[in-house]
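Visitor: quick one, fold the following:
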Amino acid sequence: MEGVIDAPMRRMLTGIGGYSRCVTEFIRVTDVLLPEKVFLRLCPELVQGGMTESGVPVYTQLLGSNPDVLALNAKRAVDLGAPGVDLNFGCPAKTVNNSMGGSLLLRDPARVGSIVASVRQAVPAQVPVTAKIRLGYDNAESLQEIVECIRAAGATELAIHARTKFDGYKPPAWWSRVKTVVHEQDDTTFINGEIWTVADSLEACRRSGCRHIMLGRGALSAPDLALRISTGDSSCAAPLAWMEVASMVEAQFLRSDSQSPRHIGNRTKQWLAYLKRSYEEANDLFGRLRTLHGISEIQAAFDAHRQWYASCAGQPD
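Guide: Predicted structure coming up:
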């Protein structure tokens, strides 16, 4: 979730509840040991024990293809206080794949295993090393081999996005295809992909055989989704009211998005694009902000949206 789930967003989401851990935006590793400032910029939680303010661990996510250099950077992250290291083998972006990273590596299961093994050996045994994959690159024929290589290399946990690289994010997610690699009583394999509601989470677990889920875009579409999922009941409490969510969006804008002079408002607009899936009212706010780039005019748009919403709420059915 590069460009959206940054430290302020992790702080907000984990403050609502329901999460057992987070991962950072990916840190791209090429052929060098990155300086400390890179890790601290993408994971400022390192200065507070690698936890969000609500006490949820934040694993440092690395993306790259060189086992030895990834191992060096993993060790640096742990030395700086990362409570865990997450390896990204799932990103489908062309720019990432063209530089030998992300889901491209799924074409070579042995190399994936080598990366996991190198990182596992580089950090203390008690530090979790987790991996994220897709079903495969252009098909799922190598899924069993990929998973076996990752497990044999010593990964603590594995999250599987139930689509191939070529599927991208196009529905559906093929949850049932994951079941072939989930062991009985498996407590270390997580299902991911196309989980937007509590009902989706229950069905994803049923079809995949997984006991746990990983949220990405669904967390942005419904900020309290993890909290509602944690009850395990599809009839649990209704989602947050829209104006409560809109207040969160404005607070996030003022806390972080307004601090980037070259990109004011960009992350707020990205978040609203996801919120439109769960909240029809987000369309109005997104429309008001879409072309704006100044702090004062964006704040004025939030005020106008509140007035619009109040006028709509006051109308008879």
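
Visitor: what are the phi and psi values at Ile191?
Guide: Main-chain dihedrals, Ile191, degrees, to the nearest 10: phi -100, psi 140.

Visitor: try Glu157
Guide: phi -150, psi 160.

Visitor: bridging residues for it?
Guide: On the basis of DSSP bridges, Glu157 is bridged to Thr130.

Visitor: list the residues that contact it.
Guide: Taking C-beta atoms under 8 Å, 6 or more residues apart in numbering, we find Glu157 in contact with Pro128, Thr130, Ala131, Thr188, Thr189, Phe190. For every residue, glycine as well, the C-beta is placed using N, CA and C.

Visitor: how much space separates Cys43 from Val198?
Guide: The gap separating Cys43 from Val198 is 29 Å, by C-beta to C-beta, to the nearest Å.

Visitor: of those two, which one has the most company?
Guide: Cys43 (26 against 21; other C-beta atoms under 10 Å).

Visitor: isn't the more buried one right next to Thr24, touching?
Guide: Yes - at 4.7 Å, Cys43 counts as touching Thr24 under the criterion of C-beta atoms under 8 Å.

Visitor: need the contacts of Glu157 in CSV (columns: pLDDT, neighbour count and distance to Ser230).
Guide: Compiled in CSV, the contacts of Glu157 are given as follows (pLDDT from 0 to 100; neighbours: other C-beta atoms under 10 Å; distance: C-beta to C-beta, whole Å):
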residue, pLDDT, neighbour count, distance to Ser230
Pro128, 98, 18, 20
Thr130, 98, 22, 20
Ala131, 98, 27, 24
Thr188, 97, 17, 19
Thr189, 98, 20, 19
Phe190, 98, 23, 14
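
Visitor: ok, of those, which one's closest to Leu215?
Guide: Set against Leu215, the nearest of the contacts of Glu157 by C-beta to C-beta is Phe190 (9.8 Å).

Visitor: that's a helix at the closest one, yeah?
Guide: No - applying DSSP: H, G, I helix; E, B strand; the rest coil, one finds Phe190 to be strand, outside a helix.

Visitor: I'd assumed Ile213 was in contact with it.
Guide: Yes - using C-beta under 8 Å, Phe190 is in contact with Ile213, at 6.0 Å.

Visitor: can you tell me how far Arg11 is from Ala246?
Guide: 18 Å.

Visitor: swap that for Leu13, please
Guide: Where Ala246 is concerned, Leu13 sits at a distance of 16 Å (C-beta to C-beta).

Visitor: which of these two has more residues huddled nearby?
Guide: Taking other C-beta under 10 Å, Leu13 and Ala246 do not tie; Leu13 has more neighbours (25 against 22).

Visitor: overlap in contacts, Cys43 and Thr24.
Guide: Jointly contacting Cys43 and Thr24 under the rule C-beta under 8 Å, 6+ apart are Val58, Thr60.

Visitor: residue ranges for the strands of the stretch 1-150 of the chain, please.
Guide: 22-23, 27-28, 58-63, 85-88, 129-134 (DSSP state E, counting those that start in this stretch).

Visitor: Ala159 is nearest to which of these?
Guide: strand 129-134 (4.7 Å).

Visitor: list the helices and strands the closest one packs on?
Guide: Counting contacts by 3 or more C-beta pairs under 8 Å, 6 or more residues apart in numbering; DSSP states H and E, strand 129-134 packs against strand 85-88, helix 109-122, helix 143-152, strand 157-161.

Visitor: burial count for the spatially closest residue to Leu225 that is not a sequence neighbour?
Guide: Of all residues not flanking Leu225 in the chain, Gly218 sits nearest, at 5.5 Å (C-beta to C-beta, 6 or more residues apart in numbering). By other C-beta under 10 Å, 23 other residues sit near Gly218.
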